[in-house]
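Participant: Curious how this folds, go ahead:
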Amino acid sequence: MIVIADTSFVVSGFFSNDSRHKDCVKVYQQQELIYLPQSTLAEVMYLLGKGGGNLAVASFLDNIFAGKSKYQLIPLELVDLQRTTSLLTIPSPIMRQLDLNNEFGSSLNERAVGESGQLN
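Facilitator: Residues are numbered from 1 along each chain as shown. Below is the predicted model of the structure:
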C-alpha cells in the first residue's frame, strides 16, 4: 500500500498534546514508508514552527535527513500542478455560489473553464 501524508497527519503525530496524536502515531508505526509531498512539507514546517518554534522544525527535518524517519520526500512535478488546477476548476454548485459572492465580480470558473468545459 502506498501511503501519502497530509499536513494534519504529520503535525498531529509530532505534537503529543494534539487530540489526534495517538491515532497518527499508531498509523505511522504501522507503515514502512510514508511519502511526504514537497508542498506538504512547506505547510508542516510552518505549523511546526508556529507550535514549537525553530527547534521543532529543525528536529523534524533532521530526522528526515538522517534517515530516522519513515517520511520520504517526493518532489512536485508539472503534472501534479496541472491535476491540482483541473480539480480546483471543476464547475460545481458550491463554486458557483462562492463565485457569486466574490468581491472581484467575475466568476472564477468562467475565467478558468471555457464553454466546452475544458481548461483555458
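Participant: Which parts of this structure belong to which domain?
Facilitator: Annotated domains of the chain cover 7-74, 78-112 [automatic domain parsing].
Participant: May I have the distance across the first one, first residue to last?
Facilitator: Taking Cα to Cα, to the nearest Å, domain 7-74 runs 14 Å from one end to the other.
Participant: Where does pLDDT dip in this structure?
Facilitator: Scanning the chain with the threshold set as pLDDT under 70 gives 92-120.
Participant: so who does the residue nearest the centre of it touch?
Facilitator: What sits nearest the mean C-alpha location of the chain, by Cα atoms, centre = their mean, is T40, with 4.2 Å. Going by Cβ atoms under 8 Å, 6 or more residues apart in numbering, T40 touches A5, D6, T7, V10. In this view, the C-beta of every residue, glycine as well, is placed from N, C-alpha and C.
Participant: which of the residues you listed count as buried?
Facilitator: When those are checked for burial by 16 or more other Cβ atoms under 10 Å, the buried set is A5, T7, V10.
Participant: Among those, name the ones in helices.
Facilitator: Judged by DSSP state H, helices contain the following of the buried ones among the contacts of T40: T7, V10.
Participant: Going by distance to K22, which of the buried ones among the contacts of T40 wins?
Facilitator: V10 (14.8 Å; Cβ to Cβ).
Participant: Secondary structure element holding the spatially closest residue to the closest one that is not a sequence neighbour?
Facilitator: The spatial neighbour of V10 that comes closest, neighbours along the chain excluded (Cβ to Cβ, 6 or more residues apart in numbering), is V44 at 4.8 Å. Using DSSP states H and E, V44 maps to helix 38-65.
Participant: so where do the strands sit in this protein?
Facilitator: 34-37, 71-74 (DSSP state E).
Participant: if we compare these, which one ends up closest to L87?
Facilitator: Closest to L87 of these is strand 34-37 (Cβ to Cβ; 14.6 Å).
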